[in-house]
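S.K.: Got a sequence here, can you model it:
(chains A and B)
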Amino acid sequence: MDKNKNRNKGDFMQEDSQVIKVRREKLKKIEEMGVNPYPNDFKPLDRAKYIKEKYGPLTSEELEKVKVEFSLAGRLMAKREMGKLIFAHLQDATDKIQLLVAKGEVDAENFKFFKKMIDIGDIIGVKGRIIKTKTGEITILVKEFKLLTKSLRPLPEKYHGLRDTELRYRMRYLDLIMNERVRELFRTRTRIVQYIRNYFISEGFLEVETPMMHPIAGGATARPFITYHNALEMNLYLRIAPELYLKRLIVGGFERVFEINRNFRNEGVSTRHNPEFTMLEFYEAYATYEDLIKRTEELFYGLCMEIKGKPTLEYQGHTIDFTPPWKRIDFMKSLIEIAGVPEEVLYDREKLFNFAREKGIELNQKDPRIGKWWTKLFEELIEPKLIQPTFVVGFPIEVSPLARRNEANPEIADRFELYIAGKEVANAFSELNDPRDQRQRFEEQIKLREVDDEIPPEIDEDFLRALEYGMPPCAGEGIGIDRVVMLFTDSPSIREVILFPHLRRKEDL
RNA sequence: GGGCCGGUAACUCAGUCGGUAGAGUAUCGGCCUUUUAAGCCGAGAGUCGCAGGUUCGAGUCCUGCCCGGCCCA
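M.R.: Coordinates of the predicted model:
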């Protein structure tokens, strides 16, 4: 269906606004004056933040003695003309700083050029000494300036900035220009990823890159994106998880590996889901899921101290405390004690189905796995209540096809999921390394494709072969990086922490 | 997929009961040597998301569609 069928040509042919026309005319005039509007021969030696930090505390008299000439470059964010003075603000990657262009400090011709030809939004380079204004603001008294890039579009309103969520996501560059909070958020994202990367490197893990395109989309249950390789004449799937490849590397003998990269799942977009999202997965030979509980506590505690300088953070009105040890609850017990499912109902399909229906939860009647039903009830009734960091253990084996069986109780897996602020943040288990059991589980799974079309359609025989060579006992974990960033930046939506979230195409933008 | 809310100048937003489309910012012209959401005087700027319908008359009411947000599945 052509969703654009009702659109007429006007949607695609937006007339330039009056402001843009004026800018284009200025650009032409600038070139006619013999000035290059896009030169690249200015090297800024200073940065706004550094100047403000170093010279901010000095008095005007002390600044008089600073004979150094400073050079800065950045985007002009404000311009206030006052007769023979022009105040302006220049924004570089570090901060904003005030400029003073004064007749007398620059010659009359240049003053006029700045007044008439330099607009808010232009990138300029300036040289000058620093002064303090009457109100005590550190200011560059401009001796020389140079237009470095002419801007042809007006910036959004200076006071409110760019508010419209749709425009902020579609034109993230404008959002970043206008909103310091957004710039800070993405710096924090990078700091989080770098901390995690350094943590694993320092623990002796090898960072690796495994394929993004898989012949079989395994390692999770989710609908994949499909693509086609012309030369190989085959379908490929964008990966839904790197798990099966990272385990091959454990077979290969690396013992400790991790990967931080994108996964792709062909599902709806919402405040919780983006079709591509960033996942950390790590695998550790000779470790168990119990070891990973300790590692996870250590990782988050250290991360919180690094980012927040204390072991707690504020998320949507909740104070989250990462001081170990964290709470642990049993999956089945939580269904009985927190969700209030009577024990005799839990194991009776008919009673359970009706119980769920009363709670407004529709279970997939065709799915024979009662464990899948329990998981659904857990997601609905328990997940939102797990605010403080909580490890949930004792997951049914039916919903853990890659996890090791518990030796005392073969119906449950040696697995945990970590919940924080009502969201699943991590999933980990002692890995199944018995190739016979793994084959059996895959075969059972495949039979269920009729009732669950997210199950991979094909058994990854090469993965099984790798297991037959022998994978050392190990444990592995996946952590959703976007959700971690949401927590640390108090963001209610995943789209706030992704630079370019996916939106429907809009031709006339 | 369903419910609710929104889309008006480049941006942020008003727009009453259906009766000529508004403000601020930005832009343009003028004044101003310490401003900082500068100020003052003046000017220009609109496919009211799109397409139909009702009406003498629609930004406003009705229908369908597009885009976004929030909630639910």
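S.K.: Quick one: neighbours of A:E284, just the number.
M.R.: For A:E284, the number of neighbouring residues by other C-beta atoms under 10 Å comes to 23. Any C-beta I mention is one placed from the backbone N, CA and C, and that applies to glycine too.
S.K.: My guess is it contacts A:L249. True?
M.R.: No. In this structure A:E284 lies outside contact range of A:L249 using C-beta atoms under 8 Å: 11.8 Å.
S.K.: show me where the stretch 151-300 of chain A has helices.
M.R.: Using DSSP state H, counting those that start in this stretch, the helices of the stretch 151-300 of chain A run over A:165-170, A:172-178, A:180-202, A:243-251, A:289-308.
S.K.: Relative to A:L432, which of the ones you listed is closest?
M.R.: Set against A:L432 and scored by C-beta to C-beta, those come closest in helix A:243-251, at 9.5 Å.
S.K.: And for that closest one, what's in contact with it?
M.R.: The set of residues external to helix A:243-251 that reach it, using C-beta atoms under 8 Å, 6 or more residues apart in numbering, is A:208, A:210-211, A:218-220, A:257-259, A:281-283, A:285, A:402, A:431, A:460, A:463, A:466-467, A:469-472, A:474, A:476, A:478.
S.K.: cool, stretch A:77-84 as well?
M.R.: A:86-91, A:96, A:102-104, A:111, A:115, A:118-120, A:155, A:158.
S.K.: just the buried members of those?
M.R.: A:I86, A:F87, A:A88, A:H89, A:L90, A:Q91, A:K96, A:K103, A:F111, A:I118, A:D119, A:L155 (16 or more other C-beta atoms under 10 Å).
S.K.: residues contacting the third one?
M.R.: It stands for A:A88. A:A88 touches A:L76, A:M77, A:A78, A:K79, A:R80, A:Q98, A:L99, A:L100, A:V101, counting by C-beta under 8 Å, 6+ apart.
S.K.: Quick one: those as TSV, columns for neighbour count and distance to RNA strand B too.
M.R.: Output for the contacts of A:A88, formatted as TSV (neighbours: other C-beta atoms under 10 Å; distance: C-beta to the nearest atom of the strand, whole Å):
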residue	neighbour count	distance to RNA strand B
A:L76	23	9
A:M77	16	9
A:A78	15	5
A:K79	18	6
A:R80	10	4
A:Q98	20	5
A:L99	23	9
A:L100	18	7
A:V101	25	11
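S.K.: related to what we said a few turns ago, now for the helices of the stretch 151-300 of chain A, which one comes closest to RNA strand B?
M.R.: helix A:165-170 (3.7 Å; C-beta to the nearest atom of the strand).
S.K.: coming back round to it: from the buried ones among the contacts of stretch A:77-84, which two are the most distant?
M.R.: Comparing all pairs in these by C-beta to C-beta, the longest separation belongs to A:K103 and A:L155, at 26.0 Å.
S.K.: Which secondary structure state does A:Q98 sit in?
M.R.: Following DSSP: H, G, I helix; E, B strand; the rest coil, A:Q98 is assigned to strand.
S.K.: And for the closest residue to RNA strand B within the stretch 251-400 of chain A, nearest residue in space, chain neighbours not counted?
M.R.: Across the stretch 251-400 of chain A, no residue is closer to RNA strand B than A:T271, which sits at 4.2 Å (C-beta to the nearest atom of the strand). Spatial nearest neighbour of A:T271, excluding adjacent residues (C-beta to C-beta, 6 or more residues apart in numbering): A:S493 at 4.1 Å.
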